[in-house]
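Visitor: Fold the following and give me the result.
(2 chains)
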Amino acid sequence: MQKILVCIKRVVDYNVRVRVKPDGSGVMLDGVKMSVNPFDEIALEEALRIKERVGNIEVVAVSIGVADTQQQLRTALAMGADRAILVQSEAAVEPLTAAQTFLALAKKENPDLILLGKQAIDDDANQTGQMLAALWERPQATYASKVEIGGEKATVTREIDAGLETIEVDLPAVVTVDLRLNEPRYVKLPDIMKAKKKPLDVTSLAALGVSATVFLKTVKTEPPAQRQKGVMVKDVSELFDALKKKGLI
Amino acid sequence: MNKILIIGEHDGKTVNPATAKCVTCARAIPDAEITIAVFGADTATVAAQAAAIAGVKTVLRVDRPENEHPLAAIFAPQVTSLAADYSHVFGPSTSFGKDLMPRVAALLGVPQVSDLMAVEGAYKFRRPIYAGNAIITVEADAERKLVATVRVASFEAAAGGGTAAVEAKSLNVALPSHTRYLGAKSGSTDRPDLQTAARVVSGGRALASADNFKILYSLADKLGAAVGASRAAVDAGYAPNEMQVGQTGKIISPEIYIAIGISGAIQHLTGIKDARTIVAINKDGEAPIFEVADYGLVGDLFQIVPELEKMLGT
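Guide: Next comes the predicted model:
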């Protein structure tokens, strides 16, 4: 194995409580903290661990986004990625376009493995990895909780609804990662300084021959229906009686 | 007419209730004609079950030894080939459907709408984003085929009593050999399936150990309930991964959800807000879970849970 590509998305930080704009035109994003999508951070950590185990692998972090996405790619470089590529796009791209873009990068870079998060915590689409694998005509192993590389193959344990499933895929392959694959490392200050000197190339969708199609038009954004706060009961027997009365137990 | 193909989920023996929920979603589309396709090594049993779901016109059986295990790379080219005759292709928003459907969409060169929660028109749907903190209405181009996953917590299962025609289909599709199934380990339990259970008892970090979860299992068994857990409890190793309820775990809609020692992080609430009734038991009266609970009880769970179990027994 020589090269791992890690796809990273710039998203609203996990801890920000997102609010809908009063006019229903979207969510309020002005001035909110932006971070690397947490699942993509786990994907990068896994790439770095594979590199540490196997040695002599180049880890390339790639992203699609606004110019400021360079911040998230610098974070990836500080964590340990060797270089980064930003496909700059002012407009947000849909998963299919993202997959087409990563395909174009995959064809240029010829990685043995592409790692990315199972979903981004902004659109929660859970599509890009699978779409990329399909377009690349390569295997996919989604929701990975364990990844073992052996020669030209990867054995991946997947988190599925019923428990765990293990599959074997030929490399190159696309692996999307789940929450418990690893715990990403903390970035240390000297690494942040070093990251500034690592190469970060900027390109565009057009340069990669990708046109961003708007497949899905968002016509309205609304806050979710709120549940009403119910009643507080004082003890177990009151709770029991209330549930019994409603026929719930 | 809108011709809708639903990819049935099953384990070889039983059709997953998520399939009947997809049917309910599909029936909300105007002028819908619904077909279910089941893929497997031998789908006779599950095809018969799928044919009994009300509102389904046809069930297509695609039997092939390679279809024994639900591998997206194997199923996707077959689904894509079947899709030619349909305007919509739906799958459940379960780990099965979420894995498979985007691969199908990409092979078809069309977009996917994930986690469809309401139908506003044949090509207009509502879906959650940002862990359910916002709901968007999206409109797709009617000129293209539409692939979607159905958020199963948003729909009731369609009733039984249907009499769909079952048709064996042989597809001349070359399948890749690059992906191989090695095995599965399920949390083998006699309790109801968490995703579809009518009653769920769920524990959080306050349980403080895997051993203490036993009091929840005991309560659940008395109620005939499934057992869930918060991310914090799973991260701490008190409960296995597949028990996680929330944004990145399971999204569920039981009749009753009993949250025990769960504070109620927004990512957890995302997973339970379609529950008919929420009961919260927590020692912290300020815990956010009480904001959404229909019944709240402040106190020590280690006293309350056994006491509740005792009352149920009498």
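
Visitor: Longest strand in chain A, please.
Guide: strand A:140-150 (DSSP state E).

Visitor: Enumerate every residue touching residue A:182.
Guide: Residues near residue A:182 by C-beta atoms under 8 Å, 6 or more residues apart in numbering or on different chains: A:42, A:45, A:46, A:49. For the C-beta atoms, the positions are set from N, CA and C on the backbone; glycine is no exception.

Visitor: How about residue B:237?
Guide: residue B:210.

Visitor: quick one: it from chain A, how far?
Guide: Separation of residue B:237 from chain A (C-beta to the nearest C-beta, to the nearest Å): 10 Å.

Visitor: swap in residue B:97?
Guide: 10 Å.

Visitor: ok, now residue B:47?
Guide: To chain A, residue B:47 is 21 Å away according to C-beta to the nearest C-beta.

Visitor: Please, which helix or strand holds that residue?
Guide: Here residue B:47, judged by DSSP states H and E, is contained in helix B:44-51.

Visitor: ok, now residue A:108?
Guide: Counting by DSSP H and E, residue A:108 is part of helix A:95-109.

Visitor: Could you confirm whether that helix reaches chain B?
Guide: Yes. Using C-beta under 8 Å from any C-beta of the partner chain, helix A:95-109 reaches chain B at A:95, A:96, A:99.

Visitor: Phi, psi for the nearest residue to the last one once chain neighbours are set aside please.
Guide: Think residue A:99. Counting by C-beta to C-beta, 6 or more residues apart in numbering or on different chains, residue A:131 is the residue found nearest to residue A:99 once chain neighbours are left out, at 3.6 Å. Backbone torsions for residue A:131, taken as degrees, to the nearest 10, come to phi -70, psi -40.

Visitor: what's the answer for the one 5 residues further on, then?
Guide: Backbone dihedrals for residue A:136, given as degrees, to the nearest 10, come out at phi -80, psi -10.

Visitor: Just the buried residues of the contacts of residue A:182.
Guide: A:42, A:45, A:46 (16 or more other C-beta atoms under 10 Å in any protein chain shown).

Visitor: Does the second one touch residue A:180 like I think?
Guide: So that's residue A:45. No. If you go by C-beta atoms under 8 Å, residue A:45 and residue A:180 don't touch, sitting 12.0 Å apart.

Visitor: how does chain B divide into domains?
Guide: Under the assignment automatic domain parsing, the domains of chain B span B:2-168, B:199-313.

Visitor: Same list, those domains, but as a markdown table with mean pLDDT please.
Guide: Output for these, formatted as a markdown table (pLDDT from 0 to 100):
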| stretch | mean pLDDT |
| --- | --- |
| domain B:2-168 | 97 |
| domain B:199-313 | 95 |
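
Visitor: between these, which one is nearest to residue A:237?
Guide: domain B:199-313 (6.9 Å; C-beta to C-beta).

Visitor: What is the end-to-end distance of that closest one?
Guide: Taking C-alpha to C-alpha, to the nearest Å, domain B:199-313 runs 17 Å from one end to the other.

Visitor: What is the very next helix or strand once past the helix holding residue B:47 packed up against?
Guide: Next along the chain after helix B:44-51, taking DSSP H and E as the criterion, comes strand B:58-63. For strand B:58-63, the contact count by 3 or more C-beta pairs under 8 Å, 6 or more residues apart in numbering or on different chains; DSSP states H and E identifies strand B:32-40, helix B:44-51, helix B:72-82, strand B:165-168 as packing neighbours.
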